[in-house]
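>>> Sharing a sequence plus its predicted fold:
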2 protein chains.
Amino acid sequence: MTETADIECRIAAMFRALGDPTRLRIFSFLRSCCCPVAVDESGEVRTVQGPTAGEVCCSITGSEKVSSTLSFHLKELRVAGLITMERRGKNRVCGVNTQAADELAAFLAGGEAPTGCDG
Amino acid sequence: MTETADIECRIAAMFRALGDPTRLRIFSFLRSCCCPVAVDESGEVRTVQGPTAGEVCCSITGSEKVSSTLSFHLKELRVAGLITMERRGKNRVCGVNTQAADELAAFLAGGEAPTGCDG
DNA sequence: ACAATAGTTCGACATTTCTCGAACTCTGGA
DNA sequence: TCCAGAGTTCGAGAAATGTCGAACTATTGT
């Protein structure tokens, strides 16, 4: 029960992260802009390629400078587990975590019922 | 562009509604407890059967009385379009709007990219 | 070492959200 | 008509969230 509650909280956190228009646009952009993510042999999620934080910012806000606000939203998405970020030189390259997106889609599709009526 | 922004906002609103643990539990419970929803010939969404607000409350909070808090959360879900509520005598019967859930699942599955890089 | 670039973190502030209790509405029954 | 039951709405207060600018960190190039 505590476990399912944890799962539920994690899922709620992901939904919450997508619940802000700016973050949803970031997520959409990241996915639409060909940012594949590979899963390592060790299970580690690694970004293969993708736009930099600056490019995301440019697309979302029009500004070329990464604002603290955009950085904040990227962090929210990252902490929720929806996107990945990895240093590449001076930049930070972003990608979506497709596993997380799949997990949410599966939840919505009704595959699982995290908690039940038996409290 | 304004249209896609609207769609995005509507989707973000649905995600936001599911982003609260209490509401996610309500949504889960509603779906797990056999609450089919039918779509009328006129396109109207009608609840066929489902638990009352009181039963939802009992399942979520353990209390039999529908608190103002639960009523608040039910309203959030309803306004977001994720659930339906319909009067049945003294009670209000709830059901999930599966179309909305499907829409979110489709979004996550990557079928559509509401907004693009061309801002 | 120094400057420039790319992004993050911090502090502050306004806004929103969540929760609670009290008052209210709407319905059905005596 | 009056009362009880089932939810909703309202007002207030605490907590979380989003935004901004300034200071900070990390990396590259000279």
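Thanks, I have the structure now.
>>> Can you tell me how far the closest residue to A:Ser63 other than its chain neighbours is from A:Ala101?
Excluding its sequence neighbours, the residue lying closest to A:Ser63 (CB to CB, 6 or more residues apart in numbering or on different chains) is A:Cys57, at 6.1 Å. Any C-beta I mention is one placed from the backbone N, CA and C, and that applies to glycine too. The gap separating A:Cys57 from A:Ala101 is 22 Å, by CB to CB, to the nearest Å.
>>> Please enumerate the strands of chain A.
Listed in chain order, the strands of chain A (DSSP state E) span A:37-39, A:45-47, A:83-88, A:91-96.
>>> so A:Ala100 sits right up against A:Leu82, yeah?
Yes: using CB atoms under 8 Å as the test, A:Ala100 is close enough to A:Leu82 to be in contact (5.1 Å).
>>> If you count surrounding residues, which of these two has more?
For the pair A:Ala100 and A:Leu82, the greater number of neighbours falls to A:Leu82 (25 against 22), based on other CB atoms under 10 Å in any protein chain shown.
>>> distance of the more buried one from B:Thr84?
When distance is defined by CB to CB, A:Leu82 is 29 Å away from B:Thr84.
>>> got it, and A:Val66?
The span separating A:Val66 from B:Thr84 equals 42 Å under the rule CB to CB.
>>> which stretches of chain A have low pLDDT?
Confidence mapping of chain A against pLDDT under 70 gives the ranges A:1-3, A:34-48, A:111-119.
>>> Flag every residue of it that's near DNA strand C.
A:52-54, A:57, A:66-68, A:70-72, A:74-75, A:85, A:90-92 (CB under 7 Å from any atom of the strand).
>>> Show only the entries of those residues found in helices.
Within those, residues falling in helices by DSSP state H are A:Ala53, A:Gly54, A:Cys57, A:Ser68, A:Leu70, A:Ser71, A:Phe72, A:Leu74, A:Lys75.
>>> Let me see the contact set for the first one.
With contacts defined as CB atoms under 8 Å, 6 or more residues apart in numbering or on different chains, the neighbours of A:Ala53 are A:Val66, A:Leu70, A:Ser71, A:Leu74, A:Met85, A:Asn91, A:Arg92, A:Cys94.
>>> top of those residues by neighbour count?
In terms of neighbour count, A:Cys94 stands highest of these at 25 neighbours, by other CB under 10 Å.
>>> Next one: that residue relative to B:Ile11, how far apart?
20 Å.
>>> Kindly report the same for A:Phe29.
Note on A:Phe29: its distance to B:Ile11, by CB to CB, is 14 Å.
>>> Isn't A:Cys57 up against A:Thr69?
No: in terms of CB under 8 Å, A:Cys57 does not count as a neighbour of A:Thr69; the distance is 9.3 Å.
>>> In terms of neighbours, single out the busier of those two.
Counting neighbours by other CB under 10 Å for A:Cys57 and for A:Thr69 shows that A:Cys57 has the greater number, 22 against 12.
>>> Nearest residue to the middle of chain A?
Nearest residue to the geometric centre of chain A (CA atoms, centre = their mean): A:Leu82, 1.8 Å.
>>> Hmm, that residue is touching A:Asp102, no?
No: using CB under 8 Å, A:Leu82 and A:Asp102 do not qualify as a contacting pair, with a distance of 11.3 Å.
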